[in-house]
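**Q** Provided below for reference: sequence and predicted model.
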Amino acid sequence: VDGSGYFYLSYYDKSIVGPESFNYYTEKDSDSPADNKNYIDQYDFLPQLEIKSETYADIMTMANVFTAARDQKLTHISTETASPNTTVTYEVYKLNVNNKNPKDGVCVASGSQTCEFGGYHRIALNNKCAFAKDTRHSVVVTQAVPTDNGTTYELLVGCQEEKVPTDVSPFTVKGIVNKGESFLYTDQQLNWTDAKWMDWTDYTTNELKPMMEGAGLKDVQFDNFPIKAYSVSATKEELSTDLSKAKVTLKNASKNYSGKVQNPAVKSVTLNGKTIPESAYTVSILNAKGTAKASPKNAGSYVVKITGNMSEYYTGSAKATYKINPVANTIKFAGKSTKKALTIKVKRSSVKKKAKTFKITRKGKGKISITKKCSAKRKKYISLSKGKVVLKKKAPKGKYKFIITVAANSNWKKTKSKLITLKVK
């Protein structure tokens with residue numbers, strides 16, 4: 001185990017046909033549970049006499065998709081390389097329901113490692129990620145190989161003719177690759193599909209098998225990609241996704257005051273560019289300080305808080321700001337709109353013996369004032385009393401001009417009328 005010592009092999013033993021070096025992983029994983037159970041997700045079971053690979057100038061990416069058989073935490077992955085000094089770039093995704101490809105989900109771990117020699121390599125993840133039972137996750141691997149002519153990309157093709165002759169005894173192999181297990185990404189332009197991501201079974205059937213049959217190879221059996229995932233048992237807390245860094249987007253981040261309760265609606269919650277399902281969180285509306293529940297009726301700021309649903313394996317919370325804006329008041333003078341300049345004719349006979357009043361109405365509360373715009377001689381004949389403009393008795397003929405102002409409050413903006421003229425004839 002430690003590299004010291006010897007073993008004996010007979011000169012007459014003909015079963016060893018290729019020299020290999022094995023370095024066994026014997027240390028107990030520090031994250032293993034007390035029962036020391038470790039789990040391996042893998043598909044590549046086809047016996048092969050040698051490592052086979054195809055080299056491409058275009059990017060080729062391999063991926064295996066696994067379904068968690070239990071609540072588990074991924075600690076390592078492994079992949080096979082064929083060439084020296086291969087740089088392995090990997091990504092692990094927690095896949096969305098009904099994902100369209102192996103990257104249709106949230107990337108929970110990524111990294112790269114350069115492998116000096118060809119063979120199988122076990123890689124410790126820089127971010128250990130947990131998956132709930134029956135959920136799907138993917139391990140995506142790209143292998144880049146430096147050459148004198150630049151970087152090439154290798155595709156590990158597990159294949160073997162069905163009947164395998166050996167010096168000892170011939171045997172027969174059968175490759176079993178199911179749809180939905182292994183996937184390939186290619187930048188190549190293929191004549192049978194426009195897709196970039198494709199199921200490995202489609203690629204082997206439409207691309208590799210005809211090519212190998214054309215080279216005289218018959219009954220070739222294919223294997224899944226040599227990508228494995230190593231896990232230990234996981235707790236519910238480890239399985240949960242923290243939403244504290246999620247982005248909360250509202251359908252309307254602000255509305256105008258209407259006098260009625262206007263609850264905001266959450267348009268989407270995203271984390272690392274991926275949409276979080278509505279079932280993953282609950283929504284609450286709080287006051288501006290975020291300390292108590294609120295019904296957004298009055299103008300001001302409110303907090304929309306989403307909280308992770310633990311039953312759906314989400315924790316933490318995130319917030320967005322929602323505003324109700326104050327609006328301009330609506331001022332009417334003697335029942336008429338003041339949005340435009342207004343002139344009202346008054347018969348002098350109507351103010352000969354008594355004053356005449358004109359009622360001011362406004363939609364929202366606010367202190368009313370008037371600004372007189374006529375000569376000092378006429379100013380003394382107009383006044384404001386209890387929300388009404390008073391044209392005093394014996395007001396002489398002429399024009400009495402003024403502007404009405406309604407002060408602002410929490411729900412209403414400061415609003416002014418256009419110029420109002422009382423024309424006494």
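**A** Looks like it came in fine.
**Q** Show me which helix or strand of this protein is least confident by mean pLDDT.
**A** Among the helices and strands of the chain, strand 163-164 carries the lowest confidence by mean pLDDT, DSSP states H and E, at a mean of 74.
**Q** hmm, who's touching it?
**A** 47, 49, 170-173, 219 (CB atoms under 8 Å, 6 or more residues apart in numbering). Every residue, glycine included, has its C-beta placed from N, CA and C.
**Q** do that again at 7 Å, thanks
**A** For strand 163-164, contacts defined as CB atoms under 7 Å, 6 or more residues apart in numbering pick out 49, 170-173.
**Q** out of those, which are buried?
**A** Val173 (16 or more other CB atoms under 10 Å).
**Q** In terms of model confidence, name the weakest of the contacts of strand 163-164.
**A** Across the contacts of strand 163-164, the smallest pLDDT goes to Leu49, namely 68.
**Q** who does the least confident helix or strand of the chain pair up with?
**A** Applying DSSP bridges, strand 163-164 is found paired with strand 171-172 (antiparallel).
**Q** Each with direction, which strands does whichever helix or strand comes after the partner strand pair with?
**A** Scanning forward in sequence from strand 171-172 by DSSP states H and E, the next helix or strand is strand 182-186. Strands that pair with strand 182-186, judged by DSSP bridges, come out as strand 60-67 (antiparallel), strand 197-199 (antiparallel).
**Q** Can you add distance to Phe402 and give those strands back as TSV?
**A** TSV is the format used below for the strands paired with strand 182-186 (distance: least, CB to CB, whole Å):
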stretch	distance to Phe402
strand 60-67	77
strand 197-199	74
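**Q** on that earlier part again, now find how far off-centre the least confident helix or strand of the chain is within its chain.
**A** Here strand 163-164 is found 49 Å from its chain centre; the criterion is CA atoms, centre = their mean, to the nearest Å.
**Q** ditto for stretch 95-111
**A** Going by CA atoms, centre = their mean, where stretch 95-111 is centred and where its chain is centred differ by 11 Å.
**Q** now swap in stretch 274-289 and tell me
**A** With CA atoms, centre = their mean, you get 14 Å for stretch 274-289.
**Q** per-residue confidence averaged over that stretch?
**A** Mean predicted confidence for stretch 274-289 is 93.
**Q** Equivalent analysis for stretch 107-127, please.
**A** Here the average pLDDT along stretch 107-127 is 91.
**Q** What of stretch 323-338?
**A** Rounded mean pLDDT across stretch 323-338 is 96.
**Q** Next, the distance between the ends of that stretch.
**A** 29 Å (CA to CA, to the nearest Å).
**Q** for the residue lying farthest from the centre of the chain, what are its contacts?
**A** Distance to the chain centre peaks in the chain at Lys353, reaching 76.1 Å (criterion: CA atoms, centre = their mean). Residues near Lys353 by CB under 7 Å, 6+ apart: Lys393.
**Q** ok, now the one 10 residues further on?
**A** By CB under 7 Å, 6+ apart, the residues touching Lys363 are 329-330.
**Q** Check what pLDDT it gets.
**A** At Lys363, the model reports a pLDDT of 91.
**Q** Next: Val97.
**A** For Val97, pLDDT reads 88.
**Q** Could you report the distance from the closest residue to it other than its chain neighbours to Ser138?
**A** Ranked by CB to CB, 6 or more residues apart in numbering and with sequence neighbours excluded, the top spatial neighbour of Val97 is Pro277, at 7.7 Å. Between Pro277 and Ser138 the computed distance is 18 Å (CB to CB, to the nearest Å).
**Q** Can you get me a residue count around the nearest residue to Asp242 once chain neighbours are set aside?
**A** Among residues not flanking Asp242 along the chain, Gly316 sits closest, at 4.2 Å (CB to CB, 6+ apart). Applying other CB atoms under 10 Å, we find 16 residues neighbouring Gly316.
**Q** shaky segments in the protein?
**A** Along the chain, segments meeting pLDDT under 70 span 1-4, 14-36, 49, 165-169.
**Q** how about the helices in it?
**A** Taking DSSP state H, the helices of the chain run over residues 200-203, 209-214, 236-239, 376-379.
**Q** ok, the most centrally placed residue in the chain to Val65 distance?
**A** Per CA atoms, centre = their mean, the C-alpha nearest to the average position across the chain is that of Lys274, at 2.2 Å. According to CB to CB, Lys274 stands 17 Å off from Val65.
**Q** Number of residues surrounding the closest residue to Val304 other than its chain neighbours?
**A** Spatially, and ignoring its direct neighbours in sequence, Val304 is nearest to Ala320 (4.7 Å; CB to CB, 6+ apart). Ala320 has 20 neighbours, counted by other CB under 10 Å.
**Q** pretty sure Ala320 contacts Val248?
**A** Yes. Between Ala320 and Val248 there is a contact under CB atoms under 7 Å: 3.8 Å.
**Q** Overlap of the contact sets of those two?
**A** Joint contacts of Ala320 and Val248 (CB under 7 Å, 6+ apart) are Val304.
**Q** which residues does the residue nearest to Val304 contact?
**A** By CB under 7 Å, 6+ apart, the neighbours of Ala320 are 248, 250, 304.
**Q** hang on, the earlier thing: ok, Pro277 and Ser138, which is more surrounded?
**A** Ser138 (24 against 12).
**Q** which residue sits closest to that one in space, ignoring its chain neighbours?
**A** Per CB to CB, 6+ apart, closest to Ser138 is Pro102, 3.9 Å.
**Q** Isn't that neighbour up against Val139?
**A** No. Applying CB under 7 Å, one finds Pro102 not in contact with Val139, separated by 8.3 Å.
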